[in-house]
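Engineer: Take this sequence and fold it.
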Amino acid sequence: MYPSVLRHSACNWRKVPQLKKWLQIAINLSGLRRRSSPPLMDFRLSLLIEFAGCDAPELFKRKLAEMLQKVPLLESLSITIRGTSRDVFDVQPLGQFLPPSLKKLKSQHTDARLFVLWLDAVRKIPLFNLRNLSLVLDLISDDLLITVVHSLPHLVELDLEDKPFTLSSVTEAGYSSILYSCRNLKKFEVLTSPLLSDSVIDNMTGVARSVVELRLSSCSLLTSEALEHLSSFRKLEVLDTSGCERIGDQAPFYISKVTTLTRLNLAKARITDVGLALLGAGDLPILQLCVKKCEKVTDKGIKSLFHADRKISKTLSVLDVGYIPKITDATIFTIATAAKALTDLSLWFCNGVTDAAVQMLMDRPNRNSSQLQMLDLCSCRGLSAEAIMLPLPQHAFHRLRWLGIGHTDIVAKRGIFTAI
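Structural biologist: As a prediction, the model looks like this:
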């Protein structure tokens, strides 16, 4: 088996014998490709290069270019420069050496101006078919996004991170260029964009048939109306609107129409029990649900999700109801009796949760407590030091791997940890 991952902590070519050895293997592989039978053509190679303390960047670029020329079947390339924010990797020299077989490229700390020049170079590579691109840039703008989609028409996943700024320079024009050009887009993720509005999501009609993952976090202009046509996303499995504080009760109604949805994050939304009831009525097979910091939700809303033995009772494995002041033991009772597949439960800052709730989790019917792998009770001030008493019931917390009790009185009972 040929090595597929390379890591080293220095950028001096004379100090990296592993890199020389790998290059020799790459040369041998190239020779095998020319001499071998057709089945070897299906061999796929991924290369991860990680460097820190680059004291000879030009030498590194030259040797990297030599390496790439020896790996004609390369499909995935990841380059990480660890160090300060000034350690910027110039992708431009790679343009003439990237093999047409490359499908995935990931790099960090890339200068936007140099990146545009690189795009001009790769556009000229015959049969270049890059599908996944992930970069950390110094500044992302509309012009840059438009250049990306015109240069890389086969993209299905684009991950651009703007450091040290936010996406403050990207407007509807930039986002629309992606949505109009990348018709096979599977994942669309935007984090902290002050200019992303409902109209951008309305323009996603053309890619709705292919999108599997939609993440729109901390976008201050986004409202519930952005999700009005969500039912047209026939393959959507993941929806994340965390931090979008203008999302209200109408959003869960639109979401309830997406029958393929399995992961939903509504953290900090302005939803109430009414919204959760609308979501529950959709009877979705949700595996992971986060309503953290949805401060208007109460026990009644959580109960409505599990009403009448809905699908979520059998599918939900991860639930986060942290930072909700009106959550009490009643919610824990609902979870303990209805959520049959639950493995992860987060109750951060739920001060209405008492010792009785923990006891209910340990005494769950049908020994369901043995499925819990993660229980986060951090900062639940309603818990006493006796919340978890020894000896534990026979099947209580049998599979527990992580227990959060920070800022609670349970910390004083350190002897319980070994027993659990």
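Engineer: So what touches stretch 375-386?
Structural biologist: If you take Cβ atoms under 8 Å, 6 or more residues apart in numbering as the criterion, stretch 375-386 is touched by 322, 345-355, 358, 361, 387, 397, 400, 402-410, 412-413. Every C-beta, even on glycine, is put in place using the N, C-alpha and C of the backbone.
Engineer: no no, stretch 244-256
Structural biologist: With Cβ under 8 Å, 6+ apart as the test, stretch 244-256 has contacts from 216-225, 227-231, 239, 241, 261, 264, 266, 268-272, 274-276, 278-282, 284.
Engineer: Buried by neighbour count, from those residues: which ones?
Structural biologist: Among these, those buried by neighbour count (16 or more other Cβ atoms under 10 Å) are 216-219, 222-225, 227-228, 230, 239, 241, 261, 264, 266, 268-272, 274-276, 278-282, 284.
Engineer: So, low pLDDT: which residues of the stretch 151-300 of the chain?
Structural biologist: In the prediction, the stretch 151-300 of the chain carries residues with pLDDT under 70 at positions 164-166.
Engineer: got the phi/psi numbers for Asp344?
Structural biologist: Recorded main-chain torsions at Asp344 are phi -130, psi 130, according to degrees, to the nearest 10.
Engineer: now it, which residues is it bridged with?
Structural biologist: With DSSP bridges as the criterion, the beta-bridge partners of Asp344 are Val318, Met374.
Engineer: Hmm, it is touching Leu400, no?
Structural biologist: No - applying Cβ atoms under 8 Å as the test, Asp344 and Leu400 come out as separate, 10.6 Å apart.
Engineer: if I look at the two, which residues touch both of them?
Structural biologist: Taking Cβ under 8 Å, 6+ apart as the contact definition, Asp344 and Leu400 share the neighbouring residues 372-374.
Engineer: who touches His154 in this structure?
Structural biologist: Residues in contact with His154 (Cβ under 8 Å, 6+ apart) are 129-131, 184.
Engineer: For PyMOL, what selects the buried ones among these?
Structural biologist: Selecting the buried subset of the contacts of His154 in PyMOL, with 16+ other Cβ under 10 Å as the burial test, is done by:
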select buried, resi 130+131
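Engineer: State the pair within the contacts of His154 that is farthest apart.
Structural biologist: Considering Cβ to Cβ, no two members of the contacts of His154 lie farther apart than Leu130 and Asn184, which are separated by 12.8 Å.
Engineer: packing partners for the helix or strand hosting Gly301?
Structural biologist: Counting by DSSP states H and E, the element that carries Gly301 is helix 299-305. Using 3 or more Cβ pairs under 8 Å, 6 or more residues apart in numbering; DSSP states H and E as the contact test, the elements touching helix 299-305 are helix 273-281, helix 329-338.
Engineer: Only the C-alpha atoms, please, for that helix, written as PDB.
Structural biologist: Presented in PDB, the C-alpha positions along helix 299-305 are these (Å, rounded to 0.1, in the frame of the first residue of the first chain):
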ATOM      1  CA  ASP A 299     -41.800  21.700  28.300                       C
ATOM      2  CA  LYS A 300     -45.000  21.800  26.300                       C
ATOM      3  CA  GLY A 301     -43.200  22.400  23.000                       C
ATOM      4  CA  ILE A 302     -40.800  19.500  23.600                       C
ATOM      5  CA  LYS A 303     -43.700  17.200  24.400                       C
ATOM      6  CA  SER A 304     -45.400  18.100  21.100                       C
ATOM      7  CA  LEU A 305     -42.500  16.800  19.100                       C
END
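Engineer: Show the buried residues in the contacts of stretch 375-386.
Structural biologist: By the neighbour-count criterion of 16+ other Cβ under 10 Å, these include these buried positions: 322, 345-350, 352-355, 358, 361, 387, 397, 400, 403-405, 408-410, 413.
Engineer: Tell me which entries of the residues you listed lie within helices.
Structural biologist: Among the buried ones among the contacts of stretch 375-386, the residues falling in helices (DSSP state H) are 355, 358, 361.
Engineer: Could you dump those into JSON lines with pLDDT added?
Structural biologist: Formatted as JSON lines, those follow (pLDDT from 0 to 100):
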{"residue": "Asp355", "pLDDT": "94"}
{"residue": "Val358", "pLDDT": "91"}
{"residue": "Leu361", "pLDDT": "87"}
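Engineer: got these as a markdown table, with distance to Lys104 columns?
Structural biologist: Formatted as a markdown table, the entries for those read as follows, by distance: Cβ to Cβ, whole Å:
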| residue | distance to Lys104 |
| --- | --- |
| Asp355 | 50 |
| Val358 | 45 |
| Leu361 | 42 |
